[in-house]
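Colleague: Here you go, sequence then predicted model.
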Amino acid sequence: MHTKRIIPCLDVKEGRVVKGINFVDLIDAGDPVECGKAYDKAGADELVFLDITASSDKRNIMADMVRRVAETVFIPFTVGGGIRSIDDFRAILREGADKVSVNSAAIDNPTLISEAADVFGSQCVVVAIDARRRRVGKAADPSLSYSESIKINDEWTPADGWTVYKNGGRVDMQIDAIEWARKAVELGAGEILLTSMDADGTKAGYDIELTKAISDIVNVPVIASGGAGTMEHFKEALDVGGADAALAASLFHFKELEIKEVKKYLAENNIPVRL
Amino acid sequence: MISIIDYDAGNIKSVEKAINFLGEEAEITSDKDRIMASDGVILPGVGAFGVAMDKLRARGLVETIKEYVSTGKPFLGICLGLQLLFDESDETPGVKGLGLLEGKIKRIPSEYEDGTILKVPHIGWNSIEINPSSKLMKGISSDSYVYFVHSFYLEAANSSDVIATTEYGVRIHAAVERGNIMATQFHPEKSSDVGLKILSNFIEMTKGEGK
């Protein structure tokens, strides 16, 4: 039976996993290789490594990390963060990553998606989308900061839609998220990694309306991201939201939930997972 | 020593790393003498059927593969490397495959009469049913999960060649074995412990029994 995937995401800075990972049996919680192996054992279906290194001259550190992970971790993994060119794709794939995720660079230059798909195949091109509910009413006041606007944004309806942000959620591109997802897939994206900025970090659940809106219109897998706090949240994203995979970071790192326990719960609720 | 055939296909490093991890030497090569001298040969591959056949032909590898296989030493195709063993593919009509086994490579249908729409490529973990007499699948139980990424699938002509099947809208022949010729549509090098066990079964064969 074809299964839904549970994916832990690891933030990597200059070749080291940051935010810490709370595995008791881990000798070095900052080592991407050890973290990857631990997650493979814990039942992760796939891994995402997100490079949050600020300076772009640290690319070789990332390539080295990818090589070391590929030597000992035998489940698929995606690498993203700061990917800007076909050469960046090549460098990461050559070291053994299975997929590369692009975000800001694809917004600036959408042909990067089609070029990468032509050269390496759609199956390794993941387009990451950071989406936020479009502000309406009082919350739309441009003088408000992001944190202020979300506090008063309770007038939102799905018809208001979502807007795409770039540069790690700092710049509103005024692009409709559904339109952008559709275009990315047309250009050759093989998968959409969809993060709700409103839900991210809240542990109040994925943005199911956003997940469903995107899953309904694209014919490639959608990975739901942002907001997971309970096992029910995973179930909701995968059945109501129609996502093919659900991603979480700190929830797994700090062992607030075990991947095996989430998957067992999903199986009991008739969602196909690899046990 | 195992040769991994180099014909410019994508992501073959992972196969090499998995073999090394299991304690066996592997070499990525397109050199005929090196290939003929190995104890086992792996034909990996991600890409298109027609392009791959062109590249194999341009490097003289079609004859080398056939000659190697005739020695009776273990041979393993992975993903596109499985598809290339057959006669023809819907992906590139008119292009002849290696023709070492009989069957067709067909496109996975995405739309079905009952209105079901499946996402193609078939990406992710799927369970396999196993023919227990297979050497390659020794110790693997049915309903084990393995990792797939493909848009085309095998329909083998001889059911006796099929050692694993899976379901994705259609019944997919996920692995085959006839004597020393073996192949998997899924990626054992990305299928965690189950995949490593399959690769280690292959390595075992290069060490004696299957030679």
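Modeller: Received, thanks.
Colleague: to the chain's geometric centre, what's the distance from the helix ranked longest in chain A?
Modeller: Across chain A, the helix with the greatest residue count (assigned by DSSP state H) is helix A:59-72. Offset of helix A:59-72 from its chain centre (C-alpha atoms, centre = their mean, to the nearest Å): 20 Å.
Colleague: And chain B, is that helix touching that?
Modeller: Yes: applying C-beta under 8 Å from any C-beta of the partner chain, one finds helix A:59-72 touching chain B at A:70, A:71, A:72. C-beta: built from backbone N, CA, C; applies to glycine.
Colleague: and the residue nearest to residue A:260 when sequence neighbours are not counted, how many neighbours?
Modeller: Distances taken as C-beta to C-beta, 6 or more residues apart in numbering or on different chains put residue A:43 closest to residue A:260, at 4.7 Å, once the chain neighbours are dropped. Around residue A:43 sit 20 other residues, with neighbours defined as other C-beta atoms under 10 Å in any protein chain shown.
Colleague: OK, contacts around residue A:234?
Modeller: Contact partners of residue A:234, counting by C-beta atoms under 8 Å, 6 or more residues apart in numbering or on different chains, are A:6, A:228, A:246, A:248, A:262, A:265, A:266.
Colleague: quick revisit: okay if I get the residues of helix A:59-72 next to chain B as CSV plus pLDDT?
Modeller: Formatted as CSV, the residues of helix A:59-72 next to chain B follow (pLDDT from 0 to 100):
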residue, pLDDT
A:70, 93
A:71, 93
A:72, 92
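Colleague: which of those residues count as buried?
Modeller: Taking 16 or more other C-beta atoms under 10 Å in any protein chain shown as the criterion, what is buried in those is A:70, A:71.
Colleague: I'd like the residues of helix A:59-72 next to chain B written out as CSV, with distance to residue B:120 added.
Modeller: Output for these, formatted as CSV (distance: C-beta to C-beta, whole Å):
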residue, distance to residue B:120
A:70, 27
A:71, 32
A:72, 32
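Colleague: Relative to residue A:169, which of the residues of helix A:59-72 next to chain B is nearest.
Modeller: Closest approach to residue A:169 among the residues of helix A:59-72 next to chain B (C-beta to C-beta): residue A:70, at 29.4 Å.
Colleague: If you drop the residues flanking it in sequence, what lies closest to that closest one?
Modeller: residue A:96 (2.7 Å).
Colleague: where's the one you found, which helix or strand?
Modeller: Using DSSP states H and E, residue A:96 sits within no helix or strand.
Colleague: looking at it, it is touching residue B:15, isn't it?
Modeller: No: under the criterion of C-beta atoms under 8 Å, residue A:96 makes no contact with residue B:15, lying 9.9 Å away.
Colleague: the more surrounded of those two?
Modeller: residue B:15 (27 against 24).
Colleague: Doesn't the more buried one lie inside a strand?
Modeller: No: Residue B:15 is assigned helix when assessed by DSSP: H, G, I helix; E, B strand; the rest coil, not a strand.
Colleague: who's in contact with it?
Modeller: Contacts for residue B:15 (C-beta under 8 Å, 6+ apart) come out as B:4, B:26, B:42, B:44, B:78, B:189.
Colleague: thinking again about what came up before, identify the contacts common to residue A:96 and residue B:15.
Modeller: Residues within reach of residue A:96 and of residue B:15 at once, by C-beta under 8 Å, 6+ apart: there are none.
Colleague: show me where the stretch 151-275 of chain A has helices.
Modeller: Assigned by DSSP state H, counting those that start in this stretch, the stretch 151-275 of chain A shows helices spanning A:177-187, A:208-217, A:231-238, A:250-253, A:259-268.
Colleague: Indicate which one of these is closest to residue B:32.
Modeller: helix A:177-187 (40.7 Å).
Colleague: Extract the C-alpha trace of the closest one and format it as PDB.
Modeller: Listed next in PDB are the C-alpha coordinates belonging to helix A:177-187 (Å, rounded to 0.1, in the frame of the first residue of the first chain):
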ATOM      1  CA  ALA A 177      -0.100  31.200  -3.100                       C
ATOM      2  CA  ILE A 178      -2.500  29.000  -5.100                       C
ATOM      3  CA  GLU A 179      -1.500  30.600  -8.400                       C
ATOM      4  CA  TRP A 180       2.200  30.300  -7.500                       C
ATOM      5  CA  ALA A 181       1.900  26.600  -6.700                       C
ATOM      6  CA  ARG A 182       0.000  26.000 -10.000                       C
ATOM      7  CA  LYS A 183       2.700  27.800 -11.900                       C
ATOM      8  CA  ALA A 184       5.600  26.000 -10.100                       C
ATOM      9  CA  VAL A 185       4.100  22.600 -11.000                       C
ATOM     10  CA  GLU A 186       3.600  23.700 -14.600                       C
ATOM     11  CA  LEU A 187       7.200  24.600 -14.700                       C
END
